[in-house]
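1. give me the fold of what follows.
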Amino acid sequence: MVAKKPRVVVVGAGVAGLAAACRLCAAGADRFEVAVVEAGARAGGRVLTAEFAGHRVEMGATWAVRPTPAGATAGEANKELEEIEEALLAMHINRERTDTSADDLSALDLAAEGEYRDFPGEHVTIPSGYSRVVDHLVAALPPGTVRFGLRLHRLDWSEAPVRLHFADGAPVIAADHVILTVSLGVLKASLGGKDASAAGAIAFDPPLPQFKREAVARLGFGVVNKLFMEVEPAAEAPEPEGGGGQPPEFPFLHMAFRGHVSQIPWWMRGTESICPVHAGSRVALAWFAGREAAHLESLPDDEVVRGVNATLDSFLPGPPRWRVKRVKRSGWASDPLFLGSYSYVAVGSSGEDLDRMAEPLPRGPAAADGRAPPPRVLFAGEATHRTYYSTTHAAYLSGVREAERLLQHYH
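-> Purely as a prediction, here's the structure:
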C-alpha cells in the first residue's frame, strides 16, 4: 500500500510562496503534494514589472538590497544656511521614510532597526524585469501547481486537516499543512477574529493566538509608491549648453524643498528625488512614502501631471524646461491583496516580534518523544525575517525556511 503524501497548500504566489513550493517540490515528487493558491491573476506578489513609454518599470520590488540612507547635513548659525539645512534634512527624512515605509520616523524603534542587515552583494536591477525571476520560479514547479483567482476568506485550523475556505464559493480545500505568505497588512486587517468583512482580511478559526496577534499589531507596515513620468522638453526650453543638436537629458533632481512655494502641492514634498530611470531616458521616477504615497493613489492623472510640472518649474531656473506627458504609479495601499508595501520595526515592537511572526501554529509543548506538534499553519514573507525584513530576499529565504521546517518534521 502506498503511503499518503502530506498535502501542503501555500497561500500566495509571491516570492515567499514560490520559494517554499519550489523547495518542497525539489525534495522529490514522492515527498509532498504541493499546491499554491493565489488570490490575484498573476504570480509575483509585490514583484510587478510593467511596460511604460517603451521601458520595463518596476512597480514594486526593484533591487536585492535596499540603499542605506545618508546622514543629515550639518548647518551653520545664519538663517540662510539653517533653511538649507532644514531642506536637506527633509530630503534625507523622505529617503529614510521610503527605505523603511514608515510615515513618521518617530514611529521607528531605532534600537531594533540596528538589527537590520544589508544582504551581502551588489545592488543590482534586472534589465529584463524583476518579474523574470518570478517566471523562473513558476517554471520550476510542476504544471498546474499554481492556481489563480482563489482568495482565502477563512482558515479553519482547529484540527487536522486544515480547511481553506475561499471567496466566491470556490470549493473548500483540505491540507495537512498551510504555508501562509500573505502580507503583514493583510494580517493586520485580519485581527478582528472571525469577522473577515474588511477588504483583504482572513478569518482565522480559532482566532490567532495572543502572541501572534500582538506581534502583528506591534510591527509597522507602511506604504511606499513609485511615480513614473514620461517627460519631454518644453516647447520654450532653451538650447542645451554645448548645442550640437544633441537632445537634452533629463537631470537628476534632489528635492531639497526650501521654504514654501504655493504652486508645489503638499504631496510632492514627500519625495526625495526625481531622476531618470537610466542615463538618457525620457522616463523619470520619484518615490513616495506614508501619507503622500497613499494620497497619490487617489489623484487623477491630470492632477498628478500638473503637480509634477509645477515642481519642475520651481526647481529648474528660467523658462519651463521639461513637461510631463503621462504618468504611471503603483497603488499598494489600496490593493486589498497587500494593503501596503513592507514592514518596519515600530516603537513598542522588537526583533522578537519578527521571530514570533515566523512561529508556526499550533504552538505547544513537545510530545513524549521530543517532537514538536505537527505544524498546521506556517508563516513566511518579508515580515517574518528578523534581519532582512522589508526585502525580496527576506521573502525568498523565509519561504525556504518554512519548507525546510516541514522537511525536518518528516525527517
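
2. so L18 makes contact with A43?
-> Yes: using Cβ atoms under 8 Å, L18 is in contact with A43, at 6.6 Å. Where you see a C-beta, it was placed from the backbone N, CA and C, and this is true even at glycine.

3. what is in contact with these two at once?
-> V134, L137, V138, V146 (Cβ atoms under 8 Å, 6 or more residues apart in numbering).

4. what's the burial count for the first one?
-> In this case it means V134. 22 (other Cβ atoms under 10 Å).

5. regarding it, what is its secondary structure?
-> Classification of V134 by DSSP: H, G, I helix; E, B strand; the rest coil places it in helix.

6. ok so G364 is a helix residue?
-> No: with three-state DSSP as the criterion, G364 is coil rather than part of a helix.

7. can you name the residues that contact it?
-> A372, P373.

8. check the gap between it and P375 for me.
-> Separation of G364 from P375 (Cβ to Cβ, to the nearest Å): 10 Å.

9. could you do T311 as well?
-> For T311 relative to P375 (Cβ to Cβ), the value is 51 Å.

10. which one of those two has more residues nearby?
-> T311 (23 against 20).

11. tell me the phi and psi of the more buried one?
-> Reported as degrees, to the nearest 10, the phi and psi values for T311 are phi -70, psi -40.

12. that one and M255, how far apart?
-> With Cβ to Cβ as the criterion, T311 and M255 are 8 Å apart.

13. identify the contacts common to those two.
-> M268, I274.

14. where does the stretch 301-411 of the chain have low pLDDT?
-> For the stretch 301-411 of the chain, applying pLDDT under 70 flags the ranges 365-371.

15. in it, which spans are strands?
-> For the stretch 301-411 of the chain, applying DSSP state E, counting those that start in this stretch gives strands covering 322-329, 342-344, 377-379.

16. partner strands of the second one and their direction?
-> It stands for strand 342-344. Strand 342-344 has the following strand partners under DSSP bridges: strand 220-222 (antiparallel).

17. cool, and the first one?
-> Strands flanking strand 322-329 in the sheet, each with its direction: strand 224-233 (antiparallel) (DSSP bridges).

18. buried stuff in the strand it pairs with?
-> V224, N225, K226, L227, F228, M229, E230, V231, P233 (16 or more other Cβ atoms under 10 Å).

19. show me what the first one is bridged to.
-> Just to be clear, that refers to V224. Residues in beta-bridge contact with V224 (DSSP bridges): A289.

20. so it versus I274, what's the distance?
-> Taken as Cβ to Cβ, the span from V224 to I274 is 16 Å.

21. contacting residues around the nearest residue to R23 once chain neighbours are set aside?
-> Spatial nearest neighbour of R23, excluding adjacent residues (Cβ to Cβ, 6 or more residues apart in numbering): A403 at 3.6 Å. Residues counted as contacts of A403 (Cβ under 8 Å, 6+ apart) are A19, A20, A21, R23, L24, A27, I179.

22. look up how far G17 lies from the closest residue to V146 other than its chain neighbours.
-> Once flanking residues are discounted, V146 sits nearest to V36: 4.4 Å by Cβ to Cβ, 6+ apart. Using Cβ to Cβ, V36 is found at 6 Å from G17.

23. overlap in contacts, those two.
-> V10.

24. higher neighbour count, the two?
-> When V36 and G17 are compared on other Cβ under 10 Å, the one with more neighbours turns out to be G17, at 29 against 26.

25. I'd guess the more buried one is in a helix, am I close?
-> Yes: the assignment for G17 is a helix, going by three-state DSSP.

26. thought it was touching V10?
-> Yes: between G17 and V10 there is a contact at 4.5 Å, judged by Cβ under 8 Å.

27. and for the two, which residues touch both?
-> Counting by Cβ under 8 Å, 6+ apart, the residues touching both G17 and V10 are V36, I179, T181.

28. ok, these vs V327, which is closest?
-> T181 (30.8 Å; Cβ to Cβ).

29. low pLDDT regions in the stretch 1-150 of the chain?
-> 1-3, 63-124.

30. in the sheet, which residues pair with the closest residue to A53 other than its chain neighbours? Tell me.
-> In this structure, A53 finds its nearest non-sequential neighbour in E230, 4.1 Å apart by Cβ to Cβ, 6+ apart. Listed beta-bridge partners, E230: V283, R326 (assigned using DSSP bridges).

31. which residues touch E230?
-> F52, A53, R282, V283, V324, K325, R326, V327.

32. give me the buried subset of those.
-> Judged by 16+ other Cβ under 10 Å, buried ones among the contacts of E230: F52, A53, R282, V283, V324, V327.

33. between those residues, which is nearest L164?
-> For the buried ones among the contacts of E230, the nearest to L164 is F52 (36.0 Å; Cβ to Cβ).

34. can you map out the strands along the stretch 1-150 of the chain?
-> 7-11, 33-38, 49-52, 55-58, 146-148.

35. deepest-packed of the ones you listed, please.
-> strand 7-11 (a mean of 24; mean count of other Cβ atoms under 10 Å).

36. that one pairs with which strands?
-> Strand 7-11 is paired, per DSSP bridges, with strand 33-38 (parallel), strand 177-180 (parallel).

37. doesn't H177 make contact with P6?
-> Yes: the pair P6 / H177 is scored as a contact, 6.4 Å apart, by Cβ under 8 Å.

38. and the nearest residue to E404 once chain neighbours are set aside, how far from A16?
-> Leaving out its chain neighbours, the residue that sits closest to E404 by Cβ to Cβ, 6+ apart is R23, at 6.9 Å. Counting by Cβ to Cβ, the gap from R23 to A16 is 11 Å.
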